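Peer 1: sequence plus predicted model, see below.
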Amino acid sequence: MSTANGADPAPDVTVLGAGIIGLCTALSLLEKGLKVRLIDRDDPGQATSFGNAGIISPWSVVPQSMPGLWKKVPGWLLDPLGPVTVKPSYLPRMAFWGLRFLYEGRASRIGEISEAMDLLNRDCVSLFRQHLKGTGHEGLIRDSYYVHAFRKPKDADPDSTDYAMRRAKGAEILRIGPEELRSLEPALSTDFKSAIVIKGQARALSPGRIGEVLAQKFQNLGGDLQRQSISAIHPVESGGWCYHSESSADWTPKLVLAMGVWSTKLLKPLGLHIPLQSERGYHVSFSDPGVSLNNSVMDMDMKFVASSMEEGLRVAGTAEFAGLDAPINQRRLDGLVKLASGMLPDLNAKEFTTWSGQRPSLPDSLPCIGALEGFPDLVTAFGHSHYGLMMAPKTGRLVADLVTGTPSNNDLTPFQPLRF
């Protein structure tokens, strides 16, 4: 066993995974005055973190599983353009996860989950701006509304449970009709007859560039960024952890596991089993769209989001359960192109790029943040599902407090890794 590269002194803490969660965690650890090493097999922030819809919302406090959702799932699965698909051969492998997901959506449970989501999201805009301050790229985050667009006016109910949950946390919510919607987002199809507008949030103009900028800031502040593929981790009897790459076995006094959907693979040899599923997401980015959106817009019927970004107009959505190693489903990408054209009738859909990535999803819409009983000096920070971008800054701060033993006055019980 050696120090990294055979010569570099061991850091105070090593963070495995340089997605947006790992980046924000590494920066928060640096702010605590620690020597930090950050490791990933890919360029920082260019895997799952790269491909999201760019929403940065303090009001993302509504669990994915809600009462009555089970009634909608069969229709979604049967619709080739629907928001969810499951590979038939994969159904047995996700049966427990799916049943637990529906169980977590019971009326008596969703309030607790919402409170936990609020803890991670409530300061996301200001915390992101703090991370970007001084980089010269502060404009990568822009104030924005979140427009939930409906084709049937009766469906736009500002008093429904999900909007009531947001309002309870302080969100300003407004219902608008077709004329106001046309004024707010002229490019939208006239098929949309009403919308719920959620104010007081922001959007990322390039999630990938935010990753690049934060990685550069990390290095400028003295952080050690390394590109390695980690194959195993194990505790060392005398203290600390050993992590194995293709070329070495290196030691660190403290370890943060922030490798998204790949995290549980490293925990299984330790006898730790966490019901995390790989939920594949897709996006299509139209490089010369001919139209633009002023805000983040969700098609509430088909459950996908469109947003104008630096590289064009991005349409992101769909959830596919097929396993971590399943090939890309071209039908999902083709479906997004079709859905985008329906949402934006003047869209130039001829030139576009596509992307697919793996969301790490747990049945209760909450990540694993915290220590593992019996495994000192290891802290988890993974499983953020659809909310990784917005939950990243607060997750980083909480993990930095855990690593340094700093009291945070926050109840982290809902995020305990072995809660299932």
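Peer 2: Structure's in. What do you need? Numbering: from 1, shown residues only.

Peer 1: can you count the residues close to the nearest residue to residue 414 once chain neighbours are set aside?
Peer 2: Residue nearest to residue 414 in three dimensions, not counting chain neighbours: residue 116, with 3.8 Å by C-beta to C-beta, 6 or more residues apart in numbering. For the C-beta atoms, the positions are set from N, CA and C on the backbone; glycine is no exception. Using other C-beta atoms under 10 Å, the number of residues around residue 116 comes to 22.

Peer 1: which ones are touching residue 116?
Peer 2: By C-beta atoms under 8 Å, 6 or more residues apart in numbering, residue 116 lies in contact with 366, 414-415.

Peer 1: let's see it at 10 Å
Peer 2: The contact partners of residue 116, by C-beta atoms under 10 Å, 6 or more residues apart in numbering, come to 61, 63, 364-367, 369, 410-415.

Peer 1: do residue 366 as well
Peer 2: By C-beta under 10 Å, 6+ apart, the contact list for residue 366 reads 63, 104, 112-113, 116-117, 119-120, 383-385, 387, 391, 414-416, 419.

Peer 1: separation between it and residue 263?
Peer 2: Noted for residue 366: a distance of 15 Å to residue 263, by C-beta to C-beta, to the nearest Å.

Peer 1: per the record, what domains does this protein have?
Peer 2: As given by automatic domain parsing, the domain ranges for the chain are 4-49+209-274+365-415, 62-108+144-202+276-361.

Peer 1: quick one: the last one to chain centroid distance?
Peer 2: Right, the one you point to is domain 62-108+144-202+276-361. Relative to the centre of its chain, domain 62-108+144-202+276-361 is centred 14 Å away, using C-alpha atoms, centre = their mean, to the nearest Å.

Peer 1: what is the mean pLDDT for that domain?
Peer 2: Summarised as a single mean, pLDDT over domain 62-108+144-202+276-361 is 93.

Peer 1: which of the domains of the chain sits most buried?
Peer 2: Among the domains of the chain, the stretch with the highest mean neighbour count (mean count of other C-beta atoms under 10 Å) is domain 4-49+209-274+365-415, at a mean of 20.

Peer 1: show me the helices in the stretch 51-200 of the chain, by range?
Peer 2: Under the criterion DSSP state H, counting those that start in this stretch, helices of the stretch 51-200 of the chain are mapped to 73-78, 95-103, 107-121, 124-132, 161-168, 178-184.

Peer 1: redo the ones you listed as CSV? Include distance to residue 31.
Peer 2: Shown next, in CSV, are the helices of the stretch 51-200 of the chain (distance: least, C-beta to C-beta, whole Å):
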stretch, distance to residue 31
helix 73-78, 43
helix 95-103, 36
helix 107-121, 18
helix 124-132, 10
helix 161-168, 30
helix 178-184, 38
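
Peer 1: what sits opposite the closest residue to residue 256 other than its chain neighbours in the beta ladder?
Peer 2: Spatial nearest neighbour of residue 256, excluding adjacent residues (C-beta to C-beta, 6+ apart): residue 15 at 4.4 Å. For residue 15, the beta-bridge partners are residue 38, residue 256 (DSSP bridges).

Peer 1: which of the contacts of residue 116 fall in strands?
Peer 2: Among the contacts of residue 116, the members found in strands (DSSP state E) are residue 369.

Peer 1: now the contacts of residue 116 in CSV, with distance to residue 245?
Peer 2: Output for these, formatted as CSV (distance: C-beta to C-beta, whole Å):
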residue, distance to residue 245
61, 39
63, 37
364, 32
365, 32
366, 30
367, 25
369, 25
410, 34
411, 36
412, 30
413, 34
414, 33
415, 28
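
Peer 1: closest to residue 268 out of the contacts of residue 116?
Peer 2: Among those, residue 367 lies closest to residue 268 (C-beta to C-beta), at 18.1 Å.

Peer 1: nearest residue to that closest one in space, please, no chain neighbours.
Peer 2: Per C-beta to C-beta, 6+ apart, closest to residue 367 is residue 383, 4.0 Å.

Peer 1: assumed residue 50 was part of a strand.
Peer 2: No: looking at residue 50 with DSSP: H, G, I helix; E, B strand; the rest coil, it is helix, so not inside a strand.

Peer 1: separation between it and residue 18?
Peer 2: Distance of residue 50 to residue 18, computed by C-beta to C-beta: 12 Å.

Peer 1: shared neighbours of these two, which are they?
Peer 2: Shared contacts of residue 50 and residue 18, defined by C-beta under 10 Å, 6+ apart, comprise 42-43, 211.

Peer 1: export those residues to TSV and tack on secondary structure?
Peer 2: Formatted as TSV, the shared contacts of residue 50 and residue 18 follow (three-state DSSP):
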residue	secondary structure
42	coil
43	coil
211	helix
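
Peer 1: TSV for those, including distance to residue 278?
Peer 2: As requested, these are arranged in TSV below (distance: C-beta to C-beta, whole Å):
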residue	distance to residue 278
42	16
43	21
211	20
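
Peer 1: is it possible to get CSV of the residues you listed that adds pLDDT and distance to residue 124?
Peer 2: Below are these laid out as CSV (pLDDT from 0 to 100; distance: C-beta to C-beta, whole Å):
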residue, pLDDT, distance to residue 124
42, 93, 24
43, 95, 23
211, 97, 16
